[in-house]
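Asks: Provided below for reference: sequence and predicted model.
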Amino acid sequence: MVTIVNRTPLYCPRAGTSTFTRRGGKRKREGGQEFTKRAKGTCEFHKEVILLARSNSKVVPRQGLRHSLISHGFCRSAFCFDRAWTASELTNSLSSTFFHKLGEQVSFRMMLGCGSNLMEPSLGPNQELDGQLLFRVMKGKNALYLLPSTDLVEDAKTPESDIESDIDLPQYPPRQPSNRTESGSATSPYPVTDDSIDGQDGIQQLSPTPVCAIFEDSNISDLNDGLMMIQDERNDVDAAIALSLTDNRAPSLDELLRELNSQVNGEEVSIFNVNRDDVIDGTLRGLKRRSFNPFKRVSAVFSSSICAEAEGAVDEGGPTREFFRLLNQAVCRLPIWFGPDDSKMLTLKSTGVEDRLYYYVGQMIAMSLIHGGGGPHFLSETMFKLLVSGPESLEATIDHIQSEEIKGTIMKISDSQDINTLQDAVAGALILLDAAGVSPVVRTLSDKERIVKEMVYHFAFYSLVLPLRQFRDGMGLGSVLKKVIENPELFKPLFMSYTAKLTAAKVQEIIPIARSQPTGSNRSNLEERLIPYWLDFLLDLEEGDEEITLEDVLIFTTGADKEPPLGFSPKPSVEFQHDSDNPLPMANTCGNILKLPVSHENYEMFKKFLIMGIQCAGGFGFA
């Protein structure tokens with residue numbers, strides 16, 4: 001019999017921890033102070049934690065050994081972990097839980113079960129096993145094992161499984177020698193016992209039927225194949241865990257956007273019938289339609305105010321890109337925003353709140369990101385922080401206030417130099433003070449700071465609570481807001497002003513030339529003469545002196561004015577119109593193909609007709 005080392009009583013709650021009462025939604029801290037349970041959606045997860053008794057344990061405890069560890073206080077079932085824990089917080093929490101076994105001197109290593117074996121997570125050079133990483137590697141696992149730095153039993157020579165010796169096991173007759181036949185089957189009249197369990201001695205494992213007897217009618221190779229299959233499965237589990245540990249890098253923007261786009265069901269379609277002159281109106285009708293589903297593939301059908309027929313009912317990508325480009329531009333022009341076109345801030349419009357326009361605008365931006373249409377590119381840095389963190393995280397200044405009249409009133413209070421001037425300024429601002437919920441009581445000159453601070457916060461941010469709530473609710477579509485909050489630095493370039501200038505070299509990279517004719521042929525020679533024309537045309541547009549821009553070329557070819565975050569699909573290309581005498585360029589925005597005319601004898605005519613064709617293009621034909 002081995003005596004277990006119990007340095008403190010078996011159950012020793014940590015100081016400052018809480019215990020749940022049996023009834024009701026509250027629990028009490030030590031000392032009687034009550035507080036409510038944490039709301040759903042927290043970062044908690046629960047797993048069993050088993051402290052091993054031996055420092056050299058290499059296998060997962062099974063059956064009787066596991067029950068013995070539980071009965072001796074080496075186990076905590078449903079231990080509450082927090083994904084927000086740092087590595088040190090995780091270690092300290094586990095140490096406190098098993099302090100009655102570990103004391104202050106014994107450390108431990110965290111181990112995972114892989115088949116029958118214990119494996120220590122293999123971390124990268126800059127990795128630490130914190131709460132988030134533990135949550136990832138524990139998916140599909142029921143228990144975390146703690147391997148102590150020293151044995152927690154007094155007799156180090158006794159196997160760990162000897163702690164079971166105080167458990168009454170069923171008694172069976174002693175092992176009998178088996179009479180093996182030539183065929184390999186056994187005829188022992190008793191159940192076979194094994195003196196080991198999971199590689200450890202001292203515990204009898206009962207086998208009600210001899211193993212060989214089970215396979216006496218089968219070929220022995222079948223047994224070997226089955227054992228090899230089990231081992232292969234265990235190896236796969238080990239490899240998966242090892243991969244999850246080494247692949248703990250932060251996701252890229254491309255990966256996050258592809259994850260959002262994976263929600264789209266390409267088999268079903270949501271149709272938006274829109275007019276270029278009023279994209280918002282047609283989009284709102286589509287969003288409010290009872291059958292609308294944001295995860296159906298978007299198909300945009302444009303109708304021009306100068307054309308009686310729809311521009312095209314077949315949308316294989318080009319019209320959708322054009323739709324989201326025009327939609328983001330139209331959203332930027334809505335009266336719910338304040339500030340320059342490249343630095344917008346929400347403003348309060350009562351009609352917008354009543355009509356839930358802020359919510360639908362959030363949905364439009366979220367849908368653009370989900371369906372590969374790109375980001376808005378017009379939010380100010382303050383607005384982006386407001387979206388991600390809320391008003392409580394920002395420091396308001398008077399420059400954040402949009403109304404010049406309110407600014408002037410606050411500045412008058414702020415510039416007061418004596419108590420009488422301050423009281424007069426406050427008396428003239430009673431309506432604003434009442435709207436902001438600020439007390440107008442002035443007893444000393446120092447009250448000025450309080451009044452100014454509270455008014456600035458209210459009119460800068462707190463007046464936007466309802467619009468911001470609606471906007472964030474709309475942005476929550478498809479977990480878009482959640483990913484933005486979790487990865488703000490990755491998403492910031494999609495929401496704030498797009499500063500990268502489109503160059504001729506970038507257009508060549510986005511829309512490469514596709515040669516289709518055999519070298520030396522007449523058509524190939526014609527293409528070789530036109531390629532320098534095309535490259536010079538792009539350089540002339542880059543200088544900015546022409547009637548069109550490089551963005552117009554990209555819009556003409558793809559429907560988008562910039563490359564989407566996930567790139568174009570299919571890959572754009574420049575081709576040549578060998579079978580047509582049309583002097584104007586042609587484009588297929590669904591296939592992202594630009595077709596150049598080959599009928600021009602000189603560069604001036606080539607450039608003139610390219611500019612004319614791109615300028616006059618205002619719609620889509622059938623793909």
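Replies: In hand now; what should we look at? Residues are numbered from 1 along each chain as shown.

Asks: quick check: which ranges of the chain have low pLDDT?
Replies: 1-42, 124-126, 154-249, 304-318, 498-500, 566, 618-623 (pLDDT under 70).

Asks: tell me the SS of the residue nearest to Ser416 when sequence neighbours are not counted?
Replies: Leaving aside its sequence neighbours, Ser416 sits nearest to Leu422 (Cβ to Cβ, 6 or more residues apart in numbering; 3.8 Å). The way it works is simple: take the backbone N, C-alpha and C, and place the C-beta from them, glycine included. The assignment at Leu422 comes out as helix when based on DSSP: H, G, I helix; E, B strand; the rest coil.

Asks: show me what contacts Leu422?
Replies: For Leu422, the contacting residues are 413, 416, 442, 445, 447-448, by Cβ atoms under 8 Å, 6 or more residues apart in numbering.

Asks: out of those, which is nearest to Phe45?
Replies: Distance to Phe45 across these (Cβ to Cβ) is lowest for Asp447, with 49.5 Å.

Asks: wait, the closest one sits on Val438?
Replies: No. Between Asp447 and Val438 there is no contact under Cβ atoms under 8 Å: 10.4 Å.

Asks: what sits in contact with each of the two?
Replies: Counting by Cβ under 8 Å, 6+ apart, nothing touches both Asp447 and Val438.

Asks: distance of Arg450 relative to Leu477?
Replies: Using Cβ to Cβ, to the nearest Å, Arg450 is found at 40 Å from Leu477.

Asks: which one of those two has more residues nearby?
Replies: Shown here are Arg450 and Leu477; by other Cβ atoms under 10 Å, Leu477 has more neighbours (21 against 13).

Asks: convert the top strand by length along the chain to PDB, retaining C-alpha atoms only.
Replies: Secondary structure of the chain per DSSP state E: the longest strand is strand 265-275. Presented in PDB, the C-alpha positions along strand 265-275 are these (Å, rounded to 0.1, in the frame of the first residue of the first chain):
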ATOM      1  CA  ASN A 265     -24.500  29.600 -52.000                       C
ATOM      2  CA  GLY A 266     -23.800  29.800 -55.700                       C
ATOM      3  CA  GLU A 267     -26.800  27.600 -56.600                       C
ATOM      4  CA  GLU A 268     -29.300  30.300 -55.600                       C
ATOM      5  CA  VAL A 269     -29.600  33.900 -56.700                       C
ATOM      6  CA  SER A 270     -30.700  37.200 -55.200                       C
ATOM      7  CA  ILE A 271     -31.600  39.600 -58.000                       C
ATOM      8  CA  PHE A 272     -31.200  43.300 -57.600                       C
ATOM      9  CA  ASN A 273     -32.900  45.400 -60.300                       C
ATOM     10  CA  VAL A 274     -31.200  48.800 -60.100                       C
ATOM     11  CA  ASN A 275     -30.700  52.000 -62.000                       C
END
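
Asks: neighbours around Ala514, how many?
Replies: The number of residues packed near Ala514 is 14, by other Cβ under 10 Å.

Asks: show me what contacts the residue lying closest to it once chain neighbours are set aside?
Replies: Nearest residue to Ala514, sequence neighbours excluded (Cβ to Cβ, 6+ apart): Ser573, at 4.1 Å. Applying Cβ under 8 Å, 6+ apart to Ser573 gives the contacts 511-514, 592-594.

Asks: ok, 7 Å please
Replies: 511-512, 514, 593 (Cβ atoms under 7 Å, 6 or more residues apart in numbering).

Asks: and the furthest pair within those?
Replies: Farthest apart among those by Cβ to Cβ are Pro512 and Ile593. That separation is 11.6 Å.

Asks: ok, the two, which is more surrounded?
Replies: Between Pro512 and Ile593, counting by other Cβ under 10 Å, Ile593 is the more crowded of the two (20 against 12).

Asks: correct me if wrong: that one contacts Phe576.
Replies: No. Ile593 lies out of contact with Phe576 (Cβ atoms under 7 Å); the separation is 10.8 Å.

Asks: what does the host helix or strand of Val452 contact?
Replies: Val452 is located in helix 447-460, with elements delineated by DSSP states H and E. Residues outside helix 447-460 that contact it (Cβ under 7 Å, 6+ apart) are 396-398, 400-401, 406, 410, 413-414, 416, 422, 426, 432, 436, 438.

Asks: that older thread, identify the farthest-apart pair in the contacts of Leu422.
Replies: Ile413 and Leu445 (11.3 Å).

Asks: more crowded one of those two?
Replies: Shown here are Ile413 and Leu445; by other Cβ under 10 Å, Ile413 has more neighbours (22 against 13).

Asks: can you verify the more buried one is assigned to a strand?
Replies: No. Counting by three-state DSSP, Ile413 is not found in a strand; it is helix.

Asks: who's in contact with it?
Replies: 422, 425-426, 429, 448, 451-452.

Asks: repeat that with 6 Å
Replies: 425, 451-452 (Cβ atoms under 6 Å, 6 or more residues apart in numbering).

Asks: shouldn't Met111 be within a strand?
Replies: Yes. Read with three-state DSSP, Met111 is one of the residues of a strand.

Asks: correct me, but it touches Leu146?
Replies: No. Contact between Met111 and Leu146 fails when scored by Cβ atoms under 6 Å: they sit 7.2 Å apart.

Asks: which residue, other than its chain neighbours, is closest to Lys351?
Replies: Rather than Lys, residue 351 is Thr. Nearest residue to Thr351, sequence neighbours excluded (Cβ to Cβ, 6+ apart): Leu357, at 7.7 Å.

Asks: in stretch 484-504, what's buried?
Replies: Neighbour-count burial for stretch 484-504, counted by 16 or more other Cβ atoms under 10 Å, picks out 484, 487, 490-492, 494-498, 502, 504.

Asks: sort out for me which of these are in strands.
Replies: Reading strands off the buried residues of stretch 484-504, I find no matches (DSSP E).
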